[in-house]
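Student: quick one: sequence and predicted model below, then my questions.
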Amino acid sequence: MPYAVGADIRELLPQISITPTSKPLEADVTTWLDEAEKELNLILRNLGYDTPVTDATDLVTVRDMVTHKVGARVLRAKVFGIGDVNTSGAKALDAFYDVRIKWLGDDKHPFELANTTRNGREVVKPGGLVRGFMPESADATDADDTASQARAFMSKVF
């Protein structure tokens with residue numbers, strides 16, 4: 001079951017018509033929803049969550065995240081299609097998504113997918129940490145320590 005569908009975008013943006021002949025096309029929105037879901041699953045897996053998210057409570061959160069991500073893209077497509085350069089609405093929707101990704105990566109922030117299994121396999125990209133950021137005494141095989149350092153680094157990047 002997808003995290004979000006076209007009806008979720010229509011609910012978020014009732015002022016915008018999304019049909020098989022609109023700009024953007026309904027098919028475009030469906031493709032964007034699929035892409036956003038795949039991107040979010042990748043991010044969640046890298047943060048150590050099992051995907052896809054299946055818990056009903058957590059699905060509300062990820063549905064909102066995907067809907068806002070795609071809603072921003074729809075607004076940009078619509079805005080640039082009619083020549084209006086005011087993209088503040090799209091920026092606000094992007095910020096909604098981006099800040100939640102940041103919160104999920106911050107082990108000190110209470111925002112969490114509380115009912116989705118954490119598998120302890122957070123991914124730290126090779127070279128992803130700034131040289132000198134990881135203490136010399138850190139044991140690279142200690143997954144919890146490495147994951148905490150990765151989340152700390154992500155909080156500084158975002």
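Tutor: Arrived safely. Residues are numbered from 1 along each chain as shown.

Student: just for the chain, where's the confidence low?
Tutor: Along the chain, the model assigns pLDDT under 70 to residues 81-86, 123-158.

Student: and the residue most central in space within it, what element?
Tutor: The centre of the chain sits closest to Leu40, judged by CA atoms, centre = their mean, with a distance of 4.5 Å. Per DSSP states H and E: Leu40 is located in helix 26-46.

Student: count the residues that sit near Ala114.
Tutor: Counted with other CB atoms under 10 Å, residues neighbouring Ala114 total 10. All C-beta spots, glycine's among them, are computed from the backbone N, C-alpha and C.

Student: assign it to helix, strand or coil.
Tutor: Look at Ala114: counting by DSSP: H, G, I helix; E, B strand; the rest coil, its state is coil.

Student: looking at it, it is touching Asp58, isn't it?
Tutor: Yes. With contact defined as CB atoms under 8 Å, Ala114 counts as touching Asp58 (7.0 Å).

Student: what sits in contact with each of these two?
Tutor: Counting by CB atoms under 8 Å, 6 or more residues apart in numbering, Ala114 and Asp58 have no common neighbour.

Student: ok so, going back, tell me which residues are up against the helix holding Leu40.
Tutor: 2-6, 9, 18-20, 24, 51-53, 62, 65-66, 69-70, 73-74, 77, 101, 104, 113, 116, 121-123.

Student: which helices and strands sit right next to the longest helix seen in the chain?
Tutor: Ranked by residue count and defined by DSSP state H, the top helix of the chain is helix 56-82. When contacts are defined as 3 or more CB pairs under 8 Å, 6 or more residues apart in numbering; DSSP states H and E, helix 56-82 packs onto helix 6-12, helix 26-46, helix 88-105.

Student: list the buried residues for the last one?
Tutor: By neighbour count, with 16 or more other CB atoms under 10 Å as the criterion, the buried positions of helix 88-105 are 89-90, 93-94, 96-98, 100-101, 104-105.

Student: ok, the first one next?
Tutor: Along helix 6-12, these residues count as buried under the neighbour rule (16+ other CB under 10 Å): 6, 8-10, 12.

Student: got the contact list for it?
Tutor: Helix 6-12 has contacts (CB under 8 Å, 6+ apart) with 16, 18, 26, 29-30, 33, 63, 66-68, 70-71, 74, 93.
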